[in-house]
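J.: Test case, fold it:
(chains A, B, C and D)
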Protein chains: 2
Amino acid sequence: MAKNADAKRIKILEAAKRRFAHYGLAKTTMAEIAQDLSFSKALLYYYFPDKNRLYAAVFEMAVDEIINETTEKIRISKDVNEAMEAFLSTRLTVIKENFNIFEFSYSLRNEMPADIEAVLPSLFEKEIQQVSLILKKGVETKELVVDDIELTAKILLISLLGMRIGILQEFKNLFLPPTKEEFDYILGLQKKLSHIFINGLRT
Amino acid sequence: MAKNADAKRIKILEAAKRRFAHYGLAKTTMAEIAQDLSFSKALLYYYFPDKNRLYAAVFEMAVDEIINETTEKIRISKDVNEAMEAFLSTRLTVIKENFNIFEFSYSLRNEMPADIEAVLPSLFEKEIQQVSLILKKGVETKELVVDDIELTAKILLISLLGMRIGILQEFKNLFLPPTKEEFDYILGLQKKLSHIFINGLRT
DNA sequence: TTTTTGACCAATTTCTTTAAAAGTTCGAAA
DNA sequence: TTTCGAACTTTTAAAGAAATTGGTCAAAAA
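T.: So this is what the prediction gives:
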């Protein structure tokens, strides 16, 4: 029955994702996830050792979603600016739809529980690789000159991250998920920043 | 005795500044400030209506310190990059020395009490003016081309702000004053960012 | 044997109450 | 007009109780 078992495992992941994406880790209970599926609470512990590992599994799915979608968009883009814009908007769309799954990555509200962090793939590292990919393409096509690609990618990413935080602070909205308007405003400024930034790397 | 009165007012401001800079608003009591001066607690209320207004006065002094010092450095600098570097390092030095006075401006730890905020001069607005000044100089000397100077200044500043927050988050040090090493690391990355950014605005 | 569950336990969080501390006021004195 | 001690009020902190929730287990179902 491994097939059936896998199916149930996936059902749990899906239900957990819905809850976590909407309510976050702390405000989601194992009992609620079980109720959504009409499973018993104990069954969740048959498939996942504890709540944090379940959350980590959901998180990993969401990270993959970001990485896969942005990678594809970068691949089919024609120049550096197009790639950056596609990266930014695709990334922000996924974040928007699953905001509370990223409550520890993209918000400063709470800090990541230690045992989750240990299991987690580093989203930030992966994003640096994505931006590095963009920069590398730019260097290959002679669009850009970059001496330390990884460091440059890191600087840009950390600026973009901070830009969101700075804006949300301005809106005094550091604890609630951003509204659609706030997301759009953030994306707009992020695009402007990366445009100037990329321009600063041109040959 | 207005002269004498002013002298005492200044003494209170100085003592308060020492306390606030070191311990922050919440962890400084009116009794402590009074004790430092061997005044009675009630006397503080003769010169300042309440604790928040005293804090606001101290904050305003610190803001002036930043603005005055950076303005002078910008004035004597020879090109845009030198101006930006001077602005960044001078600014960060003042912040470092008075970190807890800026606990509501440059950190996300706590939010500003509403009645303080109402009285406060907008530090962020003033900093935008400083950066705008730098950009304007660059445009005048034909170093740069900038269409919307204020917006561009805001984008740069918000990125720099976020850079610090992003770095401190990486260090898991969002609640303690940064160490000297952390400040140096932040300053280094901020300079790199603004260098690329300025380069992106060149003619 | 593998999967599922209800009942149970232990850890955490939340709420309530209380005591202490800190902000603020006031009348009198210098 | 300036200063202070004492009193008052509000806020914060501590402690304990109650409720919620994460996690376990032996037994039943498949």
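
J.: can you list the residues of chain A near DNA strand D?
T.: A:Thr28, A:Thr29, A:Met30, A:Ala31, A:Lys41, A:Ala42, A:Tyr45, A:Pro49, A:Asp50, A:Lys51, A:Asn52 (C-beta under 7 Å from any atom of the strand). (C-beta placed from N, C-alpha, C; glycine too.)

J.: Now which of those would you call buried?
T.: When burial is judged by neighbour count using 16 or more other C-beta atoms under 10 Å in any protein chain shown, the buried members of those are A:Thr28, A:Met30, A:Lys51, A:Asn52.

J.: before we move on, could you check phi and psi at the first one?
T.: In this case it means A:Thr28. Here is the backbone geometry of A:Thr28 (degrees, to the nearest 10): phi -120, psi 130.

J.: For the closest residue to it other than its chain neighbours, grab the count of nearby residues.
T.: In space, not counting the residues next to it along the chain, A:Thr28 is nearest to A:Arg19; the distance is 4.2 Å by C-beta to C-beta, 6 or more residues apart in numbering or on different chains. A total of 21 residues lie near A:Arg19 under the criterion other C-beta atoms under 10 Å in any protein chain shown.

J.: What of the one 5 residues further on?
T.: Each residue near A:Gly24 was counted by other C-beta under 10 Å, and the total is 20.

J.: Could you measure from it over to DNA strand D?
T.: Taking C-beta to the nearest atom of the strand, to the nearest Å as the criterion, A:Gly24 is separated from DNA strand D by 11 Å.

J.: Spatially nearest residue to that residue (excluding sequence neighbours)?
T.: Of all residues not flanking A:Gly24 in the chain, A:Asn100 sits nearest, at 3.9 Å (C-beta to C-beta, 6+ apart).

J.: which other helices and strands contact the lowest-mean-pLDDT helix or strand in chain A?
T.: Least confident element among the helices and strands of chain A, by mean pLDDT, DSSP states H and E: helix A:114-119 (a mean of 77). Using 3 or more C-beta pairs under 8 Å, 6 or more residues apart in numbering or on different chains; DSSP states H and E, the elements in contact with helix A:114-119 are helix A:51-75.

J.: Do the helix it packs on and DNA strand C come into contact?
T.: No - in this structure, helix A:51-75 remains apart from DNA strand C according to C-beta under 7 Å from any atom of the strand; the gap is never smaller than 11.0 Å.

J.: Next SSE downstream of that helix?
T.: Along the chain past helix A:51-75, the next helix or strand (assigned with DSSP states H and E) turns out to be helix A:80-97.

J.: What is that following helix packed up against?
T.: helix A:51-75, helix A:123-140, helix A:180-199.

J.: quick one: buried residues of the next helix-or-strand element following the shortest one?
T.: What that stands for is helix A:123-140. Moving toward the C-terminus from helix A:123-140, the next helix or strand (DSSP H and E) is helix A:149-170. Under the neighbour-count criterion of 16+ other C-beta under 10 Å, helix A:149-170 has A:149, A:152-169 buried.

J.: what separates helix A:149-170 from the chain centre, distance-wise?
T.: Distance, stretch centre to chain centre, for helix A:149-170: 14 Å (C-alpha atoms, centre = their mean, to the nearest Å).

J.: And chain B, is it touching that?
T.: Yes - against chain B, helix A:149-170 shows contacts by C-beta under 8 Å from any C-beta of the partner chain at A:151-152, A:155, A:158-167, A:169-170.

J.: can you check stretch A:106-113 too?
T.: Yes - in this structure, stretch A:106-113 sits against chain B according to C-beta under 8 Å from any C-beta; the contacting residues are A:Leu108, A:Glu111.

J.: what sits up against that stretch?
T.: Under the criterion C-beta atoms under 8 Å, 6 or more residues apart in numbering or on different chains, residues A:25-26, A:52, A:95, A:99, A:103-104, A:120, A:161, A:164-165, A:174-175, B:108, B:165, B:169, B:172, B:174 lie in contact with stretch A:106-113.

J.: So whatever residue of chain A ends up closest to DNA strand C versus B:Leu123, what's the distance?
T.: Relative to DNA strand C, the nearest point of chain A is A:Ala42 (2.9 Å; C-beta to the nearest atom of the strand). For A:Ala42, the distance to B:Leu123 (C-beta to C-beta, to the nearest Å) stands at 55 Å.

J.: per-residue confidence at the closest residue to A:Ile67 other than its chain neighbours?
T.: If the residues on either side of it in the chain are set aside, A:Ile67 comes closest to A:Lys126, at 5.5 Å by C-beta to C-beta, 6+ apart. The per-residue pLDDT reported for A:Lys126 equals 95.

J.: ok, A:Lys126 - how many residues close by?
T.: Burial of A:Lys126, expressed as a neighbour count using other C-beta under 10 Å, amounts to 15.
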